[in-house]
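**Student:** dropping the sequence and predicted coords here.
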Amino acid sequence: MASTSTDPIIRLRGIRNAFGPQVVHDKLDLDVRRGEILALVGGSGTGKSVLLRTIVGLNRPAAGSIEVFGQDILNLPDVQRRAAEQRWGILFQNGALFSSLTVAQNVQVPLKEHLGLKGPILDEIAALKIALAGLPADAGAKYPSELSGGMRKRAGLARALALDPEIVFLDEPTAGLDPIGAAAFDQLIADLRDAVGFTVFLVTHDLDTLATVCDRIGVLGQKRVMVVGTMDEMLQQTDPWIVEYFHGPRGRAALDAQARNAAAHSDGAA
Ligand SMILES: Nc1ncnc2c1ncn2[C@@H]1O[C@H](COP(=O)(O)OP(=O)(O)OP(=O)(O)O)[C@@H](O)[C@H]1O
């Protein structure tokens, strides 16, 4: 596991989000530490995706402050705001790739848009990111419709990595993948974090992801982040939703699988 700093790279205070009369978040606080993999969980409709969208500026909160990289990003002038945006990458739930562009061209979009790069360097960087995301080299020339769901996720990840982000946002990265594909994707994220040292903020329903790759988990409920901590700390909680979520049959199965994996690794290392 990578060393994480307690210095928050994302700091949310007093966030309020409302759509008409529906209040989704109120007085929500959260710190994400530099270098950690933090997963946000919570019941359906608790506002996990809205919170991710709020941090990256796709949804403006009704109240509260958001600091990313120590900057008050809700009140930054446009130029600095764009500079901050270049320092993170986002993988949306469906990959959000441009269907009329090849994978390599998709990866090149942020390179052209933010860095103004032109010529062969674009192909070189795209090839590098495609390899980093664990795709074969020939995937670069393919269109999203020619890829499997797992490969599309990796293509989306390659694009999210285009600008060497310091933070990677992942919205349900393993949704729609079979268990083996999901485990491989989780491992890829963990390996990349260890190698590159970026921070990961992810939204998930996948208990295997929580059990295997996350440093800390934040539970969204009652319009705020109710608790943040390690998996062990989650297992000590007494809130009925948290107990049901982590101690229910799916939670137990994920923890048992993780324990088996850990045992297999330590046998292998012995
Ligand atoms: N643009 C919008 N306009 C109106 N309501 C919205 C908008 N975006 C989200 N909502 C509402 O906010 C609430 C939270 O939505 P969100 O998608 O963040 O939930 P979630 O926790 O990610 O759910 P799930 O786990 O089912 O994906 C939902 O009730 C949703 O209908």
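**Tutor:** Arrived safely, thanks for sending. Numbering: from 1, shown residues only.

**Student:** output the set of residues of the stretch 1-150 of the chain in proximity to the ligand.
**Tutor:** Residues of the stretch 1-150 of the chain lying near the ligand by C-beta under 6 Å from any ligand atom: F19, V24, G42, S44, G45, T46, G47, K48, S49, V50. The C-beta positions use only the backbone N, C-alpha and C, and glycine is treated the same way.

**Student:** any chance of those residues in JSON lines, with secondary structure and pLDDT too?
**Tutor:** Below are these laid out as JSON lines (DSSP: H, G, I helix; E, B strand; the rest coil; pLDDT from 0 to 100):
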{"residue": "F19", "secondary structure": "strand", "pLDDT": "95"}
{"residue": "V24", "secondary structure": "strand", "pLDDT": "97"}
{"residue": "G42", "secondary structure": "strand", "pLDDT": "90"}
{"residue": "S44", "secondary structure": "coil", "pLDDT": "88"}
{"residue": "G45", "secondary structure": "coil", "pLDDT": "89"}
{"residue": "T46", "secondary structure": "coil", "pLDDT": "92"}
{"residue": "G47", "secondary structure": "coil", "pLDDT": "95"}
{"residue": "K48", "secondary structure": "helix", "pLDDT": "94"}
{"residue": "S49", "secondary structure": "helix", "pLDDT": "93"}
{"residue": "V50", "secondary structure": "helix", "pLDDT": "96"}
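
**Student:** top of these by neighbour count?
**Tutor:** Counting neighbours by other C-beta atoms under 10 Å, the top entry in those is G47, with 26 neighbours.

**Student:** got a list of what that residue touches?
**Tutor:** Going by C-beta atoms under 8 Å, 6 or more residues apart in numbering, G47 touches N17, V24, H25, L220, K223.

**Student:** and for A158?
**Tutor:** Per C-beta under 8 Å, 6+ apart, neighbours of A158: V103, N106, V107, A126, K129, I130, L132, A133, L135.

**Student:** what are the ranges of the helices in the stretch 51-200 of the chain?
**Tutor:** In the stretch 51-200 of the chain, the helices defined using DSSP state H, counting those that start in this stretch lie at 78-85, 103-115, 120-132, 149-160, 179-196.

**Student:** out of the ones you listed, deepest packed?
**Tutor:** helix 149-160 (a mean of 24; mean count of other C-beta atoms under 10 Å).

**Student:** what angle do that helix and helix 120-132 make?
**Tutor:** 130 degrees (axes from the mean of the first three to the mean of the last three C-alpha atoms, to 10 degrees).

**Student:** from the chain's centroid, how far away is helix 149-160?
**Tutor:** Offset of helix 149-160 from its chain centre (C-alpha atoms, centre = their mean, to the nearest Å): 13 Å.

**Student:** pLDDT of that helix, averaged?
**Tutor:** For helix 149-160, mean pLDDT is 91.

**Student:** tell me what angle it forms with helix 179-196.
**Tutor:** Computed by the same axes, to 10 degrees, the angle between helix 149-160 and helix 179-196 is 20 degrees.

**Student:** mind listing residues that contact stretch 61-71?
**Tutor:** So stretch 61-71 is in contact with 8-18, 25, 28, 54-55, 72-74, 80, 84, 87-88, 166-167, going by C-beta under 8 Å, 6+ apart.

**Student:** ends of that stretch, what's the gap?
**Tutor:** For stretch 61-71, the separation between the terminal residues is 16 Å (C-alpha to C-alpha, to the nearest Å).

**Student:** what's the burial count for A139?
**Tutor:** So A139, with other C-beta under 10 Å, has 20 neighbours.

**Student:** for the nearest residue to it once chain neighbours are set aside, give its distance to Q237.
**Tutor:** Closest residue in space to A139, ignoring its immediate chain neighbours: V103 at 5.4 Å, by C-beta to C-beta, 6 or more residues apart in numbering. V103 is 42 Å from Q237, where distance means C-beta to C-beta, to the nearest Å.
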